[in-house]
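*Asks:* Below is the sequence, then the predicted model.
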Amino acid sequence: MSRDSRKKEVMTKSEENEATHCLLKPICADDLKDIRKCVLAARKGKVVIENESRNSEGESSGAEKSSIEYVKPCELSTVTHGTKKKKRYTKTRSSGMYNENQSAENRRVQKKPKIVWTTQLHNLFMMAIKQLGYDKAVPKKILEVMNVPYLTRGNIASHLQV
DNA sequence: GCCGAAATAT
DNA sequence: AATATTTCGG
């Protein structure tokens, strides 16, 4: 969401983040309707493209209408995280067993999971440090010793600061 | 370009 | 407050 339709930065950035829409504030009910429409269409594998930007100043009657400025074609497939690891899709074949939970298009923008330092993890962390010696304990080695696949060096470096 | 520490940002 | 990301030498 942005307030300034002229700033190209807004859209550029949005695009990088796989945004589908750009909304101009203030948002009005129609904007939300448009989004809804787009989502519904996406479920059917369609791509909605609409562009009805309005910039006329005739906003005398109360709420100014902001509008969708830009629509990026959205892919339907679930986006998997950008690691180089193989994706493993557990295909549930045959008769109806679609995992209800949260499939399909809601995974549009996948965020990196924020790692939470459970006492478990912290213990591994501590052990690793002890095992390395307080002088050799740098993020990279700690990471190796801990051997926790989803952890990244940055995670550990960050945790190290705490 | 990778790394670690520190500084910032979210 | 907890984590993440960026910045800054090396």
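*Replies:* Okay, I see it.

*Asks:* Show me where chain A dips below the pLDDT cut-off.
*Replies:* Where chain A drops to pLDDT under 70, the residues are A:1-22, A:38-111.

*Asks:* If we use 90, what do you get?
*Replies:* A:1-113, A:134-135 (pLDDT under 90).

*Asks:* how about the residues of it that lie near DNA strand B?
*Replies:* Within reach of DNA strand B by C-beta under 7 Å from any atom of the strand, chain A has these residues: A:138, A:139, A:140, A:141, A:153, A:157, A:158, A:160, A:161. C-betas here are computed from N, CA, C, even on glycine.

*Asks:* Are any of the residues you listed buried, and if so which?
*Replies:* A:139, A:141 (16 or more other C-beta atoms under 10 Å).

*Asks:* Of the residues of chain A next to DNA strand B, which is the nearest to residue A:36?
*Replies:* Nearest to residue A:36 among these: residue A:158, at 38.2 Å, using C-beta to C-beta.

*Asks:* Which helix or which strand is home to the closest one?
*Replies:* helix A:153-161 (DSSP states H and E).

*Asks:* Quick check: the nearest residue to residue A:129 once chain neighbours are set aside vs DNA strand C, distance?
*Replies:* What sits nearest to residue A:129 in space, not counting adjacent residues and going by C-beta to C-beta, 6 or more residues apart in numbering, is residue A:137, at 4.3 Å. Distance of residue A:137 to DNA strand C, given as C-beta to the nearest atom of the strand, to the nearest Å: 17 Å.

*Asks:* helix/strand/coil for residue A:137?
*Replies:* coil (DSSP: H, G, I helix; E, B strand; the rest coil).
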